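Participant: predicted model and sequence below, questions to follow.
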Amino acid sequence: MRYLVASTYNVVFITLDTQLSLTFLPLKSVVPESPKSICTGLVNRNHFVQVFFGAGRLLPPVASSWTDYHQPMSKFYMYHVHGN
């Protein structure tokens, strides 16, 4: 589901949780000039809230399955995430 959000809206999708926080990147798109991100946090294990990051934020690790399933045109998302 999280890859669906990232790929459909062409955004970096970040999920924050006390158990496991991950970053999901689009699977089939070229990095836009100004990539956007959406961050959600899980609250009380039953609902999500939108979280806003300031400049210089540290992102959770990229979901490991992205490296197995992304298209070659999407590989530059990894550089963008690690570069910021």
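Facilitator: Yes, it's here. Predicted model only: the values in this text are computed from it and were never measured.
Participant: confidence score at the nearest residue to Phe76 once chain neighbours are set aside?
Facilitator: In this structure, Phe76 finds its nearest non-sequential neighbour in Val31, 4.7 Å apart by C-beta to C-beta, 6 or more residues apart in numbering. Every C-beta, even on glycine, is put in place using the N, C-alpha and C of the backbone. pLDDT, Val31: 79.
Participant: next: the one 4 residues further on.
Facilitator: Per-residue pLDDT puts Pro35 at 81.
Participant: how far away is it from Val43?
Facilitator: 26 Å (C-beta to C-beta, to the nearest Å).
Participant: of those two, who's got more company?
Facilitator: The neighbour count for Pro35 versus Val43, taken as other C-beta atoms under 10 Å, is higher for Pro35 (17 against 12).
Participant: is the more buried one in contact with Val12, as I believe?
Facilitator: Yes. If you go by C-beta atoms under 8 Å, Pro35 and Val12 touch, sitting 6.1 Å apart.
Participant: what ranges do the strands span in the protein?
Facilitator: Under the criterion DSSP state E, strands of the chain are mapped to 12-16, 22-24, 37-43, 47-50.
Participant: could I get these as JSON lines with distance to Arg2?
Facilitator: Below are the strands of the chain laid out as JSON lines (distance: least, C-beta to C-beta, whole Å):
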{"stretch": "strand 12-16", "distance to Arg2": "6"}
{"stretch": "strand 22-24", "distance to Arg2": "4"}
{"stretch": "strand 37-43", "distance to Arg2": "9"}
{"stretch": "strand 47-50", "distance to Arg2": "11"}
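Participant: tell me which of the ones you listed sits nearest to Ser65.
Facilitator: Nearest of these to Ser65, taken as C-beta to C-beta: strand 22-24 at 9.4 Å.
Participant: contacts for that closest one next, please.
Facilitator: Contact partners of strand 22-24, identified using C-beta atoms under 8 Å, 6 or more residues apart in numbering, comprise 2-3, 5-6, 12-15, 59-63, 66, 81.
Participant: give the contact list for the residue nearest to Phe76.
Facilitator: Residues near Val31 by C-beta under 8 Å, 6+ apart: Ser74, Phe76, Tyr77, His80.
Participant: so how far is His70 from it?
Facilitator: To His70, Val31 is 12 Å away according to C-beta to C-beta.
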